[in-house]
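*Asks:* Sequence first, predicted model second:
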Amino acid sequence: RDQRAMEGRSWWRELVEEERKRLEEVAKASYASEAQESGPSHLFVLVHGLTGTSKDLGFLARTLRSSCDKLLVHQPDVNERRTTDGIHNGAVRIAEEILQLIAYKPSLKKISFVGHSLGGLYVRYCLALLWELQVGQGREHAGRICGLLPVHLVATASPHLGDPHGFSNGRSPKFVKEWMGKTMGKSVEEIFWIDSDSERFPLVPAMALDPIFLAPLGSFQVRYALAGIWGDALVSFEGALLELNTDASKHPKDGIRTKILYTYVVRCLENSQHVVYEKESEPAEASGSSMLEENLKKGLEEWQSGRAARWSSLILRMAESLNACGWRKIAVDFRSKNPLKWLPLNHARLCANERAVYKPIFWVLKDGQAVMQDLAAKLIDKN
């Protein structure tokens with residue numbers, strides 16, 4: 001029984017490997033004899049989140065396109081109205097679309113991703129599917145994402161650590177989250193860590209601990225994590241920024257927010273009243289595969305030993321594992337004369353979300369345009 005339990009708790013590995021084999025066939029079938037040899041060299045993939053649309057990151061897309069003619073900015077629409085069927089399924093659809101796209105664009109040499117909210121988890125799972133995938137056409141695959149050199153990875157307001165048992169800003173009771181998960185679909189169940197049973201490890205912690213997800217994540221030249229300091233009612237500020245207040249005695253008031261005020265570098269965004277706090281952490285010394293496997297094993301043991309008493313320990317291990325990749329962390333304090341600035345809209349405001357349903361309040365959300373312009377400048381500078 002113990003052996004079956006161990007196999008059941010690493011169920012995602014077989015799923016990823018099976019999908020990778022299928023995607024290699026997709027890549028071969030997608031080969032285009034009339035492909036364009038000349039054209040853009042750097043592919044940017046902008047991925048929306050839960051219930052989102054390809055228009056969500058429209059402002060950032062336009063800003064990138066207008067800044068550099070070497071970029072091909074792609075906003076996948078394959079997950080529109082399909083974001084509730086799980087992280088795996090959403091990531092697979094994106095991976096397929098990327099493979100079909102690069103088959104027609106052999107001029108592409110580099111790849112970058114921007115994922116908003118659930119889109120950040122889609123991206124991180126998608127990387128495992130496309131990591132060192134042999135796509136043919138003479139492309140080098142070692143250390144690459146579907147034959148392309150990984151450059152930037154950006155996650156805005158993404159629930160990297162999930163939202164288990166009251167870890168979010170809202171601190172909802174467990175039964176409420178279980179009801180929401182059952183009502184809103186598999187993707188939300190995975191974020192809430194209720195996609196598992198006694199012999200099945202949750203997916204989101206696995207994505208933070210397993211080398212098959214960490215290796216491609218660590219291959220990018222730069223990783224950015226963005227979060228709004230206040231006003232995100234959907235994703236925890238701590239989880240989005242991978243910044244936990246492990247010593248409450250140093251920063252007892254408002255916890256992690258006061259820690260950031262004292263430990264991050266502050267600057268004002270150009271042409272706006274917003275203030276950003278930034279910190280760059282270098283990647284930890286590369287760990288051997290045996291060390292990564294040991295980290296996963298310990299996480300599995302902590303989870304198996306009892307959920308109620310072990311959540312915080314496992315969350316800390318997840319954050320440590322992801323932080324070892326090295327991140328440029330950007331915490332945004334929205335300051336404006338907008339009378340509605342204190343409403344909990346910063347989840348959408350952070351990326352200047354242009355989804356049609358937000359049109360009546362876009363005059364509030366456009367505060368995020370300054371943040372996206374600043375981000376685009378960083379991405380273009382390293383292009």
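*Replies:* Yep, that arrived.

*Asks:* So residue 319, which state does it fall into?
*Replies:* helix (DSSP: H, G, I helix; E, B strand; the rest coil).

*Asks:* Surely it and residue 240 touch.
*Replies:* No: Residue 319 is not in contact with residue 240 according to CB atoms under 8 Å; the separation is 11.4 Å. For every residue, glycine as well, the C-beta is placed using N, CA and C.

*Asks:* now the strands: where do they sit in the stretch 251-383 of the chain?
*Replies:* 265-268, 275-280, 328-333 (DSSP state E, counting those that start in this stretch).

*Asks:* Of those strands, flag the one that's most buried.
*Replies:* Counting by mean count of other CB atoms under 10 Å, strand 328-333 has the highest mean neighbour count of these, with a mean of 22.

*Asks:* Other residues contacting that strand?
*Replies:* Contacting residues not belonging to strand 328-333 are listed as 222-230, 237, 241-243, 260, 264, 274-281, 346, 350, 371, 375 [CB atoms under 8 Å, 6 or more residues apart in numbering].

*Asks:* and that strand, which strands flank it?
*Replies:* Strand 328-333 pairs in its sheet with strand 222-228 (parallel), strand 275-280 (antiparallel), by DSSP bridges.

*Asks:* TSV for the ones you listed, including distance to residue 150 and mean pLDDT?
*Replies:* Converted to TSV, the strands paired with strand 328-333 look like this (distance: least, CB to CB, whole Å; pLDDT from 0 to 100):
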stretch	distance to residue 150	mean pLDDT
strand 222-228	10	96
strand 275-280	18	92
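
*Asks:* Could you save those strands as JSON lines and add columns showing distance to residue 44?
*Replies:* Listed next are those as JSON lines, based on distance: least, CB to CB, whole Å:
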{"stretch": "strand 222-228", "distance to residue 44": "13"}
{"stretch": "strand 275-280", "distance to residue 44": "21"}
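
*Asks:* follow-up on the earlier one: what subset of the contacts of strand 328-333 is buried?
*Replies:* 222-230, 237, 241-243, 260, 264, 274, 276-277, 279, 281, 346, 350, 371, 375 (16 or more other CB atoms under 10 Å).

*Asks:* May I ask which helix or strand of the protein has the lowest mean pLDDT?
*Replies:* Sorting the helices and strands of the chain by mean pLDDT, DSSP states H and E puts helix 2-9 at the bottom, at a mean of 46.

*Asks:* Downstream of it, the next helix or strand is which one?
*Replies:* helix 11-29 (DSSP states H and E).

*Asks:* Check which helices and strands that next one sits against.
*Replies:* Applying 3 or more CB pairs under 8 Å, 6 or more residues apart in numbering; DSSP states H and E, one finds that helix 11-29 makes contact with helix 87-103, helix 118-130.

*Asks:* Would you indicate which residues of it are buried?
*Replies:* Residues 12, 16, 19, 20, 23, 24, 26, 27 are the ones in helix 11-29 that count as buried (16+ other CB under 10 Å).

*Asks:* which among those gets closest to residue 109?
*Replies:* residue 27 (16.7 Å; CB to CB).

*Asks:* Now for residue 153: which residues touch it?
*Replies:* Taking CB under 8 Å, 6+ apart, one finds 112, 113, 123, 127, 217, 220, 222, 223, 224 in contact with residue 153.

*Asks:* so what's the fifth one closest to, chain neighbours aside?
*Replies:* Among residues not flanking residue 217 along the chain, residue 325 sits closest, at 5.4 Å (CB to CB, 6 or more residues apart in numbering).

*Asks:* hang on, isn't that neighbour packed against residue 222?
*Replies:* No: with contacts counted by CB under 8 Å, residue 325 stays clear of residue 222, the gap being 10.6 Å.

*Asks:* ok, now how distant is residue 328 from residue 241?
*Replies:* Distance of residue 328 to residue 241, computed by CB to CB, to the nearest Å: 11 Å.

*Asks:* related to what we said a few turns ago, and the residue nearest to residue 217, what is it in contact with?
*Replies:* 214, 217, 218, 223, 283, 284.

*Asks:* Could you rerun that using 7 Å?
*Replies:* Listed by CB atoms under 7 Å, 6 or more residues apart in numbering, the contact set of residue 325 reads 214, 217, 218, 223, 283.

*Asks:* Many thanks, we can stop here.
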